[in-house]
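S.K.: Here's my sequence, what's the structure:
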Amino acid sequence: GEVMQLGTIGNLDLSEKQYFQIIESKTSMLFEACCQVGGIIANASERDVEMVREYGYNFGIVFQMLDDLLDYGLNKSNLGKDLGRDFQEKNVKLPMILLCERITSDEKDRIQEMFSLGLFGEDNFLILKRMMTKYKIEKEIISRTVPYVKRALNCLEGLPDGQEKEFLQGFVSFTAGRNF
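M.R.: Residues are numbered from 1 along each chain as shown. Sure thing, here's the model as predicted:
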């Protein structure tokens, strides 16, 4: 996934499909494998291992989508994250993809110029943030996490009650910043 991402640097025409292929190969598969291994180590049944594996996959998607959103500081809490790093490194992630789908051709040309000329200063970052606010990118991304959050929580339904299940439920709910 990381290698795939390197091949997309500065590509403002990156599609959502390509983005999801990258985050599935990068973050989601990592969380999926960690959860699966955790289930195996805990001697869970095959069915329960499969459920926590699927939980990890969905959680990984939610985590990466929100992490990419946080990079633009649109969410009130930045959790200590270096804002604007994706912009400075020309990493086109979901916020930029959605923005490029909505903006005018002049606005897109302006962003392309920033990328081409290396204009990554705070002024240009603030311009980008204002565009993202104008086009409601935060709201769109948060709404797109909802099905993955629900799938992750649904994966836990059949697991035995206990602190492990409660932790996993709380973890995805905390990460999403909502109560589902």
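S.K.: residues in contact with the residue most central in space within the chain?
M.R.: When CA atoms, centre = their mean is applied to the chain, the residue found nearest the centroid is residue 65 (1.3 Å). Counting by CB atoms under 8 Å, 6 or more residues apart in numbering, residue 65 touches 23, 94, 141, 144-145, 148. To be clear about C-beta, it is placed using only N, CA and C from the backbone, and glycine gets the same treatment.
S.K.: could you dump those to CSV with neighbour count?
M.R.: Listed next are those as CSV, based on neighbours: other CB atoms under 10 Å:
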residue, neighbour count
23, 22
94, 22
141, 21
144, 16
145, 24
148, 21
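S.K.: nearest to residue 158, of the residues you listed?
M.R.: residue 148 (18.3 Å; CB to CB).
S.K.: list the helices and strands the one helix or strand the closest one maps to packs on?
M.R.: Here residue 148 sits within helix 137-156, counting by DSSP states H and E. Applying 3 or more CB pairs under 8 Å, 6 or more residues apart in numbering; DSSP states H and E, one finds that helix 137-156 makes contact with helix 46-70, helix 94-102, helix 163-176.
S.K.: tilt between the first one and helix 94-102?
M.R.: The directions of helix 46-70 and helix 94-102 differ by 60 degrees, with axes from the mean of the first three to the mean of the last three CA atoms, to 10 degrees as the criterion.
S.K.: Let me know the angle separating helix 46-70 from helix 163-176.
M.R.: Inter-element angle recorded for helix 46-70 and helix 163-176: 20 degrees (by the same axes, to 10 degrees).
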